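J.: no sequence on this one, just coordinates:
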C-alpha cells in the first residue's frame, strides 16, 4: 500500500491505524490482497487522526500512479470531460 510505504519512509507508526481497520501486517504487505473500501477508509482516517503532518497527502499522492490505481482511473483520466468521467465512474464503480 502506497500510504504504508510513505509512512515508513517518514518514520511514522501505523500499527494503531492497521488495527482499527482490521488489517494484519501481512495483508498490507501482500500486493495481491484486496482491501475492502471500508477498511481502506478506516485506515486512512485513523492515520490522519494520529498524524498531524499537514503535508502528508502531498507526500503520499505521487505514489499513486496507473499501476496502483488501475484501469478504472485510466478510463477516468481519458474521459473527454467531467461529465463523461462521472458516467464512467458510476458505471464501473
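T.: Perfect, thanks for sending it. Quick caveat, the model's predicted, so the values are computed rather than measured. Numbering: from 1, shown residues only.
J.: Flag the shaky bits of the protein, pLDDT-wise.
T.: For the chain, applying pLDDT under 70 flags the ranges 1, 65-70, 93.
J.: I figured residue 27 was touching residue 40, is that so?
T.: No: proximity of residue 27 to residue 40 does not meet the contact threshold set by C-beta atoms under 8 Å, at 11.5 Å. Using the backbone N, CA and C atoms, a C-beta is placed for each residue, glycine as well.
J.: and residue 80, how far is that from residue 86?
T.: Distance of residue 80 to residue 86, computed by C-beta to C-beta, to the nearest Å: 12 Å.
J.: the more surrounded of these two?
T.: When residue 80 and residue 86 are compared for neighbours, residue 86 comes out ahead with 12 against 7, by other C-beta atoms under 10 Å.
J.: what helices or strands is the helix or strand containing the more buried one leaning on?
T.: Element membership for residue 86, per DSSP states H and E: helix 82-92. With contacts defined as 3 or more C-beta pairs under 8 Å, 6 or more residues apart in numbering; DSSP states H and E, helix 82-92 has these neighbours: helix 71-77.
J.: now the helix it packs on, how far from the chain's geometric center?
T.: 15 Å (C-alpha atoms, centre = their mean, to the nearest Å).
J.: Any buried residues in it, and which?
T.: residue 76 (16 or more other C-beta atoms under 10 Å).
J.: what packs against it?
T.: When contacts are defined as 3+ C-beta pairs under 8 Å, 6+ apart, helix 71-77 sits against helix 82-92.
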